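S.K.: Next one to model:
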Amino acid sequence: MEAKLKNLKTVISDVMEKMYFLLPDAEVDTINSYSSENHFLPIYIGIRGNPGYLLTFAFDRELAGSMAVDLLGVNETEVNDEIAEKCLKETANIIAGNFMLSFESQENLEITLPSARKQDIFGTDTITDEPSGQGNTEIIDGRKNSDGSVSLILSFNGYFLKAIIETVTNSV
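M.R.: Residues are numbered from 1 along each chain as shown. Next up is the predicted model:
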């Protein structure tokens, strides 16, 4: 799972650089700088297969607004949560597609539609709990969380993006 996390980190960095001209902040201690007081917009997307994966991306609202301005070429005052969410869904879709290409085999894999609601991805029967990686004290940059998920935090222009990978059974 750690190899998948490393691949996801590379994919996120590449997508953020190519789509939004944002490079990860090199000098930020993400674990100590991150605060659960920040307001995040979560986006979920799944990769169906055996096993399947649920990817959770939580974008800092300020980062989401900046991304929407860059992607859509609109004024900052025109960006609301709905517009930012659509931008983030497109970004999550691109990240998930590129991440899936890093798998040894893409046979029998399928990407779900992104959603701001976790239960929309695989349904409530498969996804029952929020991963412990969602809590501020549980997020460990690039390590396993107590629930078996792995997570990382990246910083772009001082704003944070959390990413969590969960293995999902019965996702086909």
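S.K.: Not counting its neighbours along the chain, what's nearest Tyr159?
M.R.: Leu63 (3.6 Å; C-beta to C-beta, 6 or more residues apart in numbering). Yep, even glycine has a C-beta here, placed from its N, CA and C like the rest.
S.K.: in the chain, what secondary structure element scores lowest on mean pLDDT?
M.R.: helix 30-33 (a mean of 52; mean pLDDT, DSSP states H and E).
S.K.: Quick one: mean pLDDT over the next helix or strand after that one.
M.R.: Per DSSP states H and E, helix 30-33 leads on to strand 40-48 as the next helix or strand towards the C-terminus. Strand 40-48 shows a mean pLDDT of 95 in the predicted model.
S.K.: And strand 40-48, what does it pack against?
M.R.: When contacts are defined as 3 or more C-beta pairs under 8 Å, 6 or more residues apart in numbering; DSSP states H and E, strand 40-48 packs onto strand 52-60, helix 61-72, helix 81-101, strand 110-111, helix 119-122, strand 159-168.
S.K.: out of those, nearest to Ala26?
M.R.: Minimum separation from Ala26 across the helices and strands packed on strand 40-48 (C-beta to C-beta) falls at strand 159-168, 14.7 Å.
S.K.: Can you dump the C-alpha atoms of the closest one in PDB for me?
M.R.: The C-alpha coordinates for strand 159-168 follow below in PDB (Å, rounded to 0.1, in the frame of the first residue of the first chain):
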ATOM      1  CA  TYR A 159      -2.700  25.500   1.500                       C
ATOM      2  CA  PHE A 160      -3.300  21.800   2.200                       C
ATOM      3  CA  LEU A 161      -4.600  18.800   0.300                       C
ATOM      4  CA  LYS A 162      -5.200  15.600   2.200                       C
ATOM      5  CA  ALA A 163      -5.300  12.300   0.300                       C
ATOM      6  CA  ILE A 164      -6.400   9.000   1.800                       C
ATOM      7  CA  ILE A 165      -6.400   5.600   0.100                       C
ATOM      8  CA  GLU A 166      -8.600   2.800   1.500                       C
ATOM      9  CA  THR A 167      -8.800  -0.700   0.200                       C
ATOM     10  CA  VAL A 168     -12.400  -1.700  -0.400                       C
END
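S.K.: Please state the offset of that strand from the chain centre?
M.R.: 5 Å (C-alpha atoms, centre = their mean, to the nearest Å).
S.K.: Read off the pLDDT value for the residue nearest to Tyr159.
M.R.: 93.
S.K.: from the middle of its chain, how far away would stretch 57-77 be?
M.R.: 15 Å.
S.K.: Let me fix that, I meant to ask about stretch 102-110.
M.R.: On C-alpha atoms, centre = their mean, the centre of stretch 102-110 falls 19 Å from that of its chain.
S.K.: Much appreciated, bye for now.
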